[in-house]
Each structure stands twice: as C-alpha cells, then as structure tokens.
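Peer 1: Just need the structure, nothing else, for what follows:
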Amino acid sequence: MTYLAQKRLLDLFVAFGLVVLFLPVWLVVPILILLDSGRPIFFTHRRVGLDGKEFNLYKFRSMIQGADDILHKQDKKMLKKFKENDWKIPNDPRVTKLGKILRSLTIDEFPQLLNVIRGEMSMVGPRAYVRRELDEQSERYPETKPYISKILSIKPGITGPWQTSGRNEVPFSIRSKMDASYASNPSILKDITILVRTPKAMVSKW
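Peer 2: Purely as a prediction, here's the structure:
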C-alpha cells in the first residue's frame, strides 16, 4: 500500500474516531455559541490547499461577527500589529469570551475534521495558509519562497511538526521551513508520532 493510501486511511480512521469520541462537544458548543454571541455557529475561511487550490476551512466561531472586515477594512492599527506579529494579534480584542475558552482547549479547530473527511485536509500536514499570508510573508521573508511550492505539494493538516515542537509562536521564516521539511520526507510513522504528540502540545498551551 502506498504512503498516500496509508495516510488517507489514517485520516479517516482518526477523524471519524474523534467525531464519535467528542460527540458531546458537537452538541453543546453550538448552543453555547448561540447563547454567547448568536449566529453563525461556524466560521469559514478560504485557505490554500493541495496544488495551490483554495478551499473553505471550517471552525467553530470564536470571534465577533465581521471580525475579518474589522481587521482588513476598518482598523489600520490592528492590521499593522497583525502583520508585524506574523499574522497574529496577542490578546486579540475580536475574540469572544467563549472564544477564548474554545481556543485555549483547541475546540474551535474541531470542525476541521469535516475538511479531513472531505479530503481537503489531512490530520497531519503543513499549516493551511491564507493566500494573502503566503504572498505577503514570502515577500517579508524572501528566503522562504523556495519552501512554498513544497508546502503546497501536499494537503495541509490540522496538526503538524511545528505545532508539536513546543514552538507554537515561531515566525513564518522558521515555520515554513519546518513545513517544507515535513513535506519533503513523508512517512506514516512520522505522521503517527506527530498525532501521538499532539495532545501533549495542546495541554502545554494552558
């Protein structure tokens, strides 16, 4: 059996297993989001996947409604801070009170299991980047340009090498190199190892 076939079987086994295991989360979290900040329950975001094709990535909504418009169209100071911090905002004011809890427990990421089942993502792989982020960060860090094509040669993942390295705040320059290195050396054993290490990495965020 080829690596890609093994990887797809692993993806489906783990994704369906987690959906069943955390069924109470799928039932309770939507109700909590409705009570906390109303609709929509899910947040969809365009990301770049295999071979550079874009897809809708799913998350439980953890920000206020219209958060993207606030960032890119209304608040220039926030946008500047966002880009200066490698596309992150410490203590982001757009995150709801419930959203902070969902993010700290990584529960907001659960709907990406649907992306895995649909075949748009893998359980393990490079970060699912935003097109604008890839373009602007590769200009900011020119040395990363050779890594981009390698990153886009495989499906993005829910978890990956840099998420489980204990270095979740690494800059794009290092993160992209780690993602490209993973893509260049595929191994089902490596994927299983990363999956096993992921819960510990999640707990370390607390």
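Peer 1: what about the helices in this structure?
Peer 2: Along the chain, the stretches classed as helices by DSSP state H are 3-21, 23-37, 67-69, 76-84, 97-104, 112-117, 131-140, 145-151, 172-184, 188-204.
Peer 1: what's the last one in contact with?
Peer 2: Yep, that's helix 188-204 we're talking about. 3, 6-7, 10, 14, 105-106, 123-124, 159-161, 163-166, 168, 182 (C-beta atoms under 8 Å, 6 or more residues apart in numbering). The way it works is simple: take the backbone N, C-alpha and C, and place the C-beta from them, glycine included.
Peer 1: Same check on the fourth one?
Peer 2: Identification of contacts with helix 76-84 by C-beta under 8 Å, 6+ apart yields 70-72, 88-89, 93, 136.
Peer 1: Count the residues that sit near Lys97.
Peer 2: Other residues within reach of Lys97, judged by other C-beta atoms under 10 Å, total 8.
Peer 1: Let me see the contact set for it.
Peer 2: Contacts of Lys97 by C-beta under 8 Å, 6+ apart are Asp36.
Peer 1: Give me the pLDDT value at the residue nearest to Arg61 when sequence neighbours are not counted.
Peer 2: Once flanking residues are discounted, Arg61 sits nearest to Phe43: 4.1 Å by C-beta to C-beta, 6 or more residues apart in numbering. Listed pLDDT for Phe43 reads 94.
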